[in-house]
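# heads up, no residue letters with this:
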């Protein structure tokens, strides 16, 4: 968890918009805290790829045969 | 961020000052510094800014140029070439974490060069308490980054500000600054950054797929181009809209400046036209006058000759009556016939013949020679004309006089109108007004051009959107075709889904923030304002332009008085603080400088109210802190310090009250 504060409204709205899509919610929370802690990092693409892989696997299984915009 | 402790060493009037600002359970988190002008109130605000951002924004130009940052008493007591340290230290806490910011400037005093100072070096350090209780020291960019997390420099003006300059608040803090501030306050820049990173990652994942399949690569490249074109359109539209907004603001500002002023352009145009008309009519007047003078001159002559004219005319009339005029027989011819004794048919005329007698008789009846008769005939018409002129003198004189008078009246009217225009434009700086009008015309033209351009760009944007959508669908289909892209496809779809959530969240948060800022600004404005009935609404637009709406329905920011503008700015600032995720201390220098009457008490009550939830530091003069304001704030303030100068007014002393 970040040592800095993330505007709780952002987290709240993301949670609302993600609905029951826990994977996307968790992914977005995690990347936002990372953005908060490490601004202007050059390595964000590999980091995002890694995180996307981490969450998309479970997400795909969960939403297989369903529309991705759950 | 709450400030617990301030420490100053050799900073301007603050030679050696430490200020504790403890939070007291029984009081509000309100801290008052009361001092006469020149005791260092504004420099306390400058010191906080200098410590955190390395700048002193509220220093007057003269002060900045004249006085060094080093305390003057310290400078006087320093040896030649001695290096003195100027320090401002802020100890604060935020959500349980302790922070300390220290800025040092090392100043060398050159006694031999008339007490000149030389800035040797400056350093900035931040100490952040770790979870294990130890302090981690950072300096340079890392230290500045910590400051940015607690009070970002882009929004510091909404936390540390000068009440005396609040009337210029909406002029200086343009809506773009406010919008940027909102982004920082709400951390939406973080969301935008995450969205950009996510988009770049999606693009990278698509590139990976392209490397494995030439068909996918062709589609991907096409999509990339379409997306770049689309982004270019969006950027250009945004630029265009900024230009439109700027032009609109300028047109409104200039119109506001010109409100109540005469329509100089129209009046000057009218003056130009009527001056030409005046010249033409003046020429005509001179001609008419000259015509009348000529008429009078010649009429005078004719009148003096009236008797002779009448007599001459009468002679001619008589002669005509007697058939002498016009002459029917040529007298000279008859005389010649007698002299030559030859008739006109060639026959001889014998003297004393009947023919000669007849000719002599005829000659006796002819009194006038042909020349005289001719002369008389030529004179007849001019004489009759002269007679007619004399007879019609009155009529002609009246006609000419009327013409001259009419022109005189017309010229007088033009002169009156020119005087009226002079009166209307008198006291105004006409060239300034004309330059405003020209400027406004320029912005109006720019507005029209940008509206046209914006429409064309919107059309292009729609076309590129359609192209990008089609290519995206094609790329998705191609990824689905082959099983080896399954993982990649899953990653892309997941990332796109997350990007979509982020975009929706972005829109929702921004709209919610705008609405919340609008609601709070409105509520606070009506709480504070002493003429509530004059206004019916406060509107904060999507681009954070703040517009008070008059009861009669028109936007009236330009007509607010200095005090009213301050109330609006204060309401807007409070709204920004209340919706921000940042809990920074608010420091205001002379918050009541432009407020009078009942509003002072209202403003005091607002500060009392806000300080129940966040730390507020107010820098006041004894006049500011008097009467109603004092009665509202005295009991709730956690600390009150009296600021005084000592040591030949070179050093500040603080007394806690």
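It's in. No experiment lies behind these values; they were computed from the predicted model shown.
# quick one: residue B:636 is in a helix?
No: judged by DSSP: H, G, I helix; E, B strand; the rest coil, residue B:636 forms no part of a helix; its state is coil.
# please report how far the residue nearest to it when sequence neighbours are not counted lies from chain A.
The shortest distance from residue B:636 to any non-neighbouring residue, by C-beta to C-beta, 6 or more residues apart in numbering or on different chains, is to residue B:28 (4.3 Å). Bear in mind the C-beta positions are built from the backbone N, C-alpha and C, glycine included. Distance, residue B:28 to chain A, using C-beta to the nearest C-beta, to the nearest Å: 23 Å.
# repeat for residue B:313
From residue B:313 to chain A the distance is 115 Å (C-beta to the nearest C-beta).
# what residues does chain A put near chain B?
By C-beta under 8 Å from any C-beta of the partner chain, the part of chain A that sits against chain B consists of A:3-10, A:13-14, A:16-18, A:21, A:23-25, A:27-28, A:31-32, A:35-36, A:39, A:44-45, A:48-49, A:52-53, A:55-57, A:59-60, A:68-69.
# mind checking which of those residues are buried?
Buried subset of these (neighbour count, 16 or more other C-beta atoms under 10 Å in any protein chain shown): A:5-7, A:9-10, A:13-14, A:17-18, A:21, A:23-25, A:27-28, A:31-32, A:35-36, A:44-45, A:48-49, A:52, A:55-56, A:59-60, A:68.
# of all of the stretch 301-450 of chain B, which residue lies closest to chain A?
residue B:450 (33.4 Å; C-beta to the nearest C-beta).
# and that residue, what helix or strand is that in?
Taking DSSP states H and E as the definition, residue B:450 sits inside helix B:430-481.
# close to chain A, is the following helix or strand past that helix?
Next helix or strand after helix B:430-481 toward the C-terminus (DSSP H and E): helix B:486-528. Yes: with C-beta under 8 Å from any C-beta as the measure, helix B:486-528 is seen reaching chain A through B:487, B:490-491, B:493-498, B:500-502, B:504-505, B:508-509, B:512-513.
# tell me the buried residues in the one helix or strand residue B:379 maps to?
For residue B:379, the element it lies in under DSSP H and E is helix B:370-391. Going by neighbour count (16+ other C-beta under 10 Å), the buried part of helix B:370-391 is B:373, B:376, B:380, B:383, B:386-387, B:389-390.
# so which of these also contact chain A?
Among the buried residues of helix B:370-391, chain A is touched by none when using C-beta under 8 Å from any C-beta.
# how about the residues of chain B by chain A?
B:94-95, B:97, B:128, B:131, B:145, B:149, B:186-188, B:190-191, B:193-194, B:197-198, B:200-201, B:204-205, B:487, B:490-491, B:493-498, B:500-502, B:504-505, B:508-509, B:512-513, B:581.
# now restrict these to buried residues only.
Buried subset of those (neighbour count, 16+ other C-beta under 10 Å): B:94, B:97, B:128, B:149, B:186-188, B:190-191, B:193-194, B:197-198, B:201, B:205, B:490-491, B:493-498, B:501-502, B:505, B:508-509, B:513.
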